[in-house]
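1. coordinates only, sequence not included:
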């Protein structure tokens, strides 16, 4: 802690974004002699790695969210400002929130990324992505409405399309969504319907590369694929999606083009930088990569502006490996903490050596009995990996808000196979559905194979 | 259980509505030799007595909801149909769901009530009511957005209006909302803001009669008022609301007319019958009361149609006291169970004596340390009443879905004063807010009294 003279005004740090990067920067500066303003357009931090559990009805949005004011209530040097930053003025050192200027001495931009359709933005309507709480509620609505509509559909072809779920992208989110939907269909919902047999649900996981979970070790990709297949997921690798429209997904496998009739298509394939990336390149001349991520210096600042930092998914940090660090929570956390430390060092007239990411491993949940964990020096799979996955997620959740309740909810769900948060809510919850002859109680058996 | 001949088709029971009345009827018929179709426009049963806890950020919607299919999954004679009934044909014995007919031998109508503005429907925009999950999310958004906007408002008059919450109606819902908002302001949010002192929040509870909780014993109304005042709630009885518009509530107390400047106005005053009431009167000629409730016979059937029953908030049952039974959960549950029993008796060629409601008491929660419970033979208040309140609610919740988690969440909230579900979600969550000079960290102190 440095003892500034009475005359000198307190150093103003402005942080844009309350995700992992921004929030860890703010928390690390909680006792520093600086004045922090954390600006976010939402009033809560979202624990995004568990968003797929909301989308599949296992957890509620509040279970994986912490009010930013509550997380930072004890940081008396920090104020939270609810609002969206549309512009910055790097000369005057201001960020602009709804026409008003907020001055900074140091700026940390941590606005993250959103999902990207690789230029095919019209696919979004048919294949929603999973970045916000609203996205998760919409996915949940589509998933559970598909089963409801299938129950009331007498045409077997249409019913088959209603019971077909396509997940585009075999990264952790895609794998976790596919596993959760397969478990829903074969276990949770098994006794709930009278006209359909939900275990006949088809879940297809499409991945462009030659294996699922590309960032993991190849053996774990193999394990994940075996576990997914055991749950009934149809895993299709080396598969490119060429078109999505009107409940038809067109794919390309080698030279072969196929069509899949599916009412529910979920997007877990690509991300691009949030709009603040473009603001930064326009206003500071800093370069960005093809996904719009800002190229940062070895200390996470941007070229020519040592007092502007970019952390998390918005940053392209390529000084450690040949390729940029991945857009995952641990990278954002470590970057936020690094910048907080650097700011304090600078206030003492010192500096810090360049940022270095310490990779503690990757992990993905496949189902209630299986997960894969790649800690680098050791690879785990099966029930033990599931337990490690649970422990690590709970540990980081608890750091925010003592979410003991989530652990109990999970254990409860685990032992009862319950997914009690499967509400269909929102305006379209009361959408019209055609109903079939309600006298028929014969379970549906369809032998026709899917055309994939 | 009656042994019907092989030739005779199974008796078809159609239940419209999965609230307390419809669901208890279905559950009571689970082992009867009938075929049940339960039709609801939502896929879940909502535990409405706890909806105010969602509106004030203590619980998530899923905590107080149970998927109807899941509650009824073991009732193999029951199918759940997601859809809205728009019409019935009592001659052909069909209900019409989106153009399709569903045949019944016995019909139970349990579509409940919605909130009513006594003909002033344009008030709804300014003063939302609390009947659905979406209503609760909207109330939650308004409540927490008001604090956010106040934090960023530099005009003290506007800030005062932002920190003023008016609850119209002093029944259980109004009392519970007022107590919860007062606790939010003075306890939960106390450390969260930097520019405002949330303990200066004004919560006004307006009641037309001479005391709050009119259905309770007068001494308990007195206790409730004292407890509310101790929490800082400004209780105004004998107060009529004459106008609501543009953040101004106009009230009349005796001959005096006053205006209250309040950004957040919540409606807990009146209810009217759901639209199925009018369908029934149009199609069967049955009479209804001023609130649109259907006048039922002593056995809960309607005049001239012994195979059509109305239960719950939609029914006006006046055969026991001078006035109709109140629109509360225990009445609906007992009516649903009675009709289920009567149907089974009739199938055996027997009958049942007229319905009689057994009043086991009323209860209302005021705050974390206080509740009032009126069991008729004994009246409870304070912490012990709070505990009884908790126990009774948990007991009925558990009956549906083993909601142990809710109890743990509550105990957790109780001991930590936590309200972690205070997310601002939905489209307008990112609404523009004017921001004040962010350098000011002086807590706001306003001495100007409210003009009420």
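-> Looks like it came in fine. Model, not experiment: these values are computed from the prediction.

2. For chain A, just list every one of the helices.
-> A:20-28, A:51-55, A:68-71, A:133-151, A:156-162, A:172-183, A:218-230, A:276-284, A:329-347, A:382-401, A:404-416 (DSSP state H).

3. The ones you listed: which one's closest to chain B?
-> Chain B lies closest to helix A:68-71 among the helices of chain A, at 3.8 Å (CB to the nearest CB). C-beta coordinates here come from the backbone N, C-alpha and C atoms, glycine included.

4. Contacts (any at all) between chain B and the closest one?
-> Yes: judged by CB under 8 Å from any CB of the partner chain, helix A:68-71 and chain B are in contact via A:69, A:70.

5. Isn't residue A:225 up against residue A:231?
-> No: with contact defined as CB atoms under 8 Å, residue A:225 does not reach residue A:231; the gap is 10.9 Å.

6. quick one, what contacts the residue nearest in space to the middle of chain A?
-> With distances taken as CA atoms, centre = their mean, chain A has residue A:48 as the residue nearest its mean C-alpha position (4.5 Å). Going by CB atoms under 8 Å, 6 or more residues apart in numbering or on different chains, residue A:48 touches A:19, A:20, A:131, A:329.

7. Could you report the neighbour count for residue A:113?
-> Other residues lying near residue A:113 total 20 when counted by other CB atoms under 10 Å in any protein chain shown.

8. Quick one: residues contacting it.
-> For residue A:113, the contact set (CB under 8 Å, 6+ apart) comprises A:131, A:271, A:272, A:273, A:274, A:291, A:293, A:313, A:314, A:327.

9. Could you find the lowest-pLDDT member of these?
-> Among the contacts of residue A:113, residue A:271 has the lowest pLDDT, at 86.

10. and that one, bridged to which residues?
-> Residue A:271 has these beta-bridge partners by DSSP bridges: residue A:115.

11. picking that back up, between the helices of chain A, which one is closest to residue B:186.
-> With CB to CB as the criterion, residue B:186 lies closest to helix A:68-71 of these, at 15.6 Å.

12. Packing partners of that closest one?
-> Taking 3 or more CB pairs under 8 Å, 6 or more residues apart in numbering or on different chains; DSSP states H and E as contact, the helices and strands that helix A:68-71 lies on are helix A:20-28, strand A:44-46, helix A:382-401.

13. Including distance to chain B, could those go into CSV?
-> Shown next, in CSV, are those (distance: least, CB to the nearest CB, whole Å):
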stretch, distance to chain B
helix A:20-28, 14
strand A:44-46, 5
helix A:382-401, 6
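
14. Between those, which has the poorest mean confidence score?
-> Between the helices and strands packed on helix A:68-71, the lowest average pLDDT goes to helix A:382-401, which shows a mean of 70.

15. Spatially, what comes nearest to the residue of the stretch 151-300 of chain A found nearest chain B if we skip its sequence neighbours?
-> Nearest residue of the stretch 151-300 of chain A to chain B: residue A:192, at 3.7 Å (CB to the nearest CB). Nearest residue to residue A:192, sequence neighbours excluded (CB to CB, 6 or more residues apart in numbering or on different chains): residue B:69, at 3.7 Å.

16. again with residue A:422
-> Residue A:422 sits nearest to residue A:57 (CB to CB, 6+ apart), 3.4 Å away.

17. got it, and residue A:23?
-> The shortest distance from residue A:23 to any non-neighbouring residue, by CB to CB, 6+ apart, is to residue A:45 (5.4 Å).

18. how close does the one you found get to residue B:34?
-> Residue A:45 is 51 Å from residue B:34, where distance means CB to CB, to the nearest Å.

19. what about the two, which has more around it?
-> Comparing residue A:45 with residue B:34 by other CB under 10 Å, the one with more neighbours is residue A:45, at 24 against 21.

20. Quick check: beta-bridge partners of the more buried one?
-> residue A:66.

21. just to revisit the earlier point, wait, what's in contact with the residue nearest to residue A:23?
-> Neighbouring residues of residue A:45 by CB under 8 Å, 6+ apart: A:18, A:19, A:23, A:65, A:66, A:67, A:68, A:71, A:400.

22. Tell me which two of those residues sit farthest apart.
-> The span of the contacts of residue A:45, defined through CB to CB, is set by A:19 and A:67 at 14.4 Å.

23. Pretty sure residue A:173 sits against residue A:129.
-> No: checked against CB under 8 Å, the pair residue A:173 and residue A:129 is beyond contact range at 9.0 Å.

24. hey, what's in contact with both of those two?
-> Common contacts of residue A:173 and residue A:129 (CB under 8 Å, 6+ apart): residue A:268.

25. burial count for residue A:283?
-> If you count neighbours by other CB under 10 Å, residue A:283 ends up with 15.

26. Residue A:329 now?
-> For residue A:329, the count of nearby residues is 17 (other CB under 10 Å).
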